[in-house]
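1. Here you go, sequence then predicted model.
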Amino acid sequence: DSGVTQTPKHLITATGQRVTLRCSPRSGDLSVYWYQQSLDQGLQFLIQYYNGEERAKGNILERFSAQQFPDLHSELNLSSLELGDSALYFCASSEQGFTEAFFGQGTRLTVV
Amino acid sequence: AQSVTQLDSQVPVFEEAPVELRCNYSSSVSVYLFWYVQYPNQGLQLLLKYLSGSTLVKGINGFEAEFNKSQTSFHLRKPSVHISDTAEYFCAVSAHITGGGNKLTFGTGTQLKVEL
């Protein structure tokens, strides 16, 4: 158990819909990262938050957004969903001085 | 920007045989290097990491890796594999990015299949 909690574990939704994925980092970790894992793109970095502020942005679509709340949990919002958004979405967290990232079990999103 | 290349997409090996999974990286700055393992339908688990110091790094489950700066490599090795080592292995590099952020850049993964 990495200490990073992601909910839900599975999500099935229709094209055009909007979903929210939730992540609770390890106790004390200030950084939260979101990754997308798909067969064709591999593991892609989406975005990083540090203590509530956006710190780095990767290959995140404009239809996607994220935020980190004062209690440090984070949410990834995916809107106008397309079939190609079907993937495993991982959240990871790290301490202030980055030495490694701890990953959650992921949310498997299926868009039908 | 940094990148990671895992040349082998699949590596079949017999149980109790040694294995090496190759990883090469490129970066213009000093990096941290990692190997993660992903078992089916699970998240990523850290096997080992290189931050600084000794270039030979030992990790969990009997795995080790050697950082070679001149060859920009970080190959993963295990002297004797077990059926339970069957999984996907990811090499990753981390470097500070503009604005103070960190991110892990992953390779495409190597599927290790251990056979009896």
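-> Noted; the coordinates are in hand.
2. Around chain A, which positions in chain B sit nearby?
-> Proximity of chain B to chain A (Cβ under 8 Å from any Cβ of the partner chain) is limited to residues B:32, B:34, B:36, B:42-46, B:49, B:51, B:90, B:94, B:97, B:99-109. Quick note: C-beta positions are derived from backbone N, CA and C, even for glycine.
3. List buried residues within the residues you listed.
-> Taking 16 or more other Cβ atoms under 10 Å in any protein chain shown as the criterion, what is buried in the residues of chain B next to chain A is B:32, B:34, B:36, B:43-46, B:49, B:90, B:94, B:97, B:101-109.
4. can you list the residues of chain A near chain B?
-> So chain A meets chain B at A:2, A:4, A:31, A:33, A:42-43, A:45, A:48, A:50, A:55-56, A:58, A:90, A:92, A:94, A:98-106 (Cβ under 8 Å from any Cβ).
5. Which residues does stretch A:36-46 contact?
-> With Cβ atoms under 8 Å, 6 or more residues apart in numbering or on different chains as the test, stretch A:36-46 has contacts from A:33-35, A:56-60, A:64, A:66, A:76, A:86-90, A:106, B:90, B:103-109.
6. What residue in chain A comes nearest to chain B?
-> With Cβ to the nearest Cβ, the shortest gap between chain A and chain B falls at A:Ala56, namely 3.0 Å.
7. and that residue, which of the three is it?
-> Recorded secondary structure, A:Ala56: strand (DSSP: H, G, I helix; E, B strand; the rest coil).
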